[in-house]
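*Asks:* Turn this into a structure:
(2 chains)
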Amino acid sequence: SQTIHQWPATLVQPVGSPLSLECTVEGTSNPNLYWYRQAAGRGLQLLFYSVGIGQISSEVPQNLSASRPQDRQFILSSKKLLLSDSGFYLCAWSVGDRVAYEQFFGPGTRLTVL
Amino acid sequence: GDSVTQMEGPVTLSEEAFLTINCTYTATGYPSLFWYVQYPGEGLQLLLKATKADDKGSNKGFEATYRKETTSFHLEKGSVQVSDSAVYFCALAYPGTASKLTFGTGTRLQVTL
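*Replies:* Here you go, the predicted model:
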């Protein structure tokens, strides 16, 4: 069966510090991968998605970046965090050829920028 | 562009009450529709889905019917339990390589004894 891992689970970082969040998927190959952010009391915002190694599409201009160095690894980064980067970050995967195209989500990383 | 609108929360119900969470969508094509649930402190889980008009998705006592004529996908449950307390998200996506989800803002459900 497929599983998705995210780490760390929680993170507290000062403004201006760098960020690296990691997501890995097991049990499937060539998944579509996604990063979402959920701000407090708000819905989900798609940040990045990837349909293959080295292929990254950005949905929202910001000081974040994403990379996919391996087929089942997706990394979210920032060189300098802002207060507005605080939130709950969710990684998800899907299989592109499934009719229903549902996405499967990881447990999330709660980031607090102080 | 495409969008999903959900009823504002929170929705507070007593256990065994009937639940309806409204969801309407605006779409240029014929998307698949989904309901996701998020329990406190966790990621999202797919609750149910429907891929074409008049399809009914169902799971764990929850149901939703894809209504093309009213562009709606309302979530219903006949008798809610305290364990159903969570945030519910309606979403749509199109078939395709990336299948990006467009989410509603979520509706918080609180069920009390």
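
*Asks:* what's the helix or strand bottoming out on mean pLDDT in chain B in contact with?
*Replies:* Least confident helix or strand of chain B, by mean pLDDT, DSSP states H and E, is strand B:102-103 with a mean of 90. Contact with strand B:102-103 is made by A:Gly43, A:Leu44, B:Asp2, B:Ser3, B:Val4, B:Tyr36, B:Phe89, B:Cys90, B:Ala91, B:Leu92, B:Ala93, as judged by Cβ atoms under 8 Å, 6 or more residues apart in numbering or on different chains. The way it works is simple: take the backbone N, C-alpha and C, and place the C-beta from them, glycine included.

*Asks:* Now, of those residues, which are buried?
*Replies:* Neighbour-count burial (16 or more other Cβ atoms under 10 Å in any protein chain shown) is assigned, among those, to A:Gly43, A:Leu44, B:Val4, B:Tyr36, B:Phe89, B:Cys90, B:Ala91, B:Leu92, B:Ala93.

*Asks:* Contact residues of chain B facing chain A?
*Replies:* Within reach of chain A by Cβ under 8 Å from any Cβ of the partner chain, chain B has these residues: B:32, B:34, B:36, B:41-46, B:49, B:51, B:89, B:93-101, B:103-106.

*Asks:* buried subset of these?
*Replies:* Among the residues of chain B next to chain A, those classed as buried by 16+ other Cβ under 10 Å are B:32, B:34, B:36, B:43-44, B:46, B:49, B:51, B:89, B:93-95, B:98-101, B:103-106.
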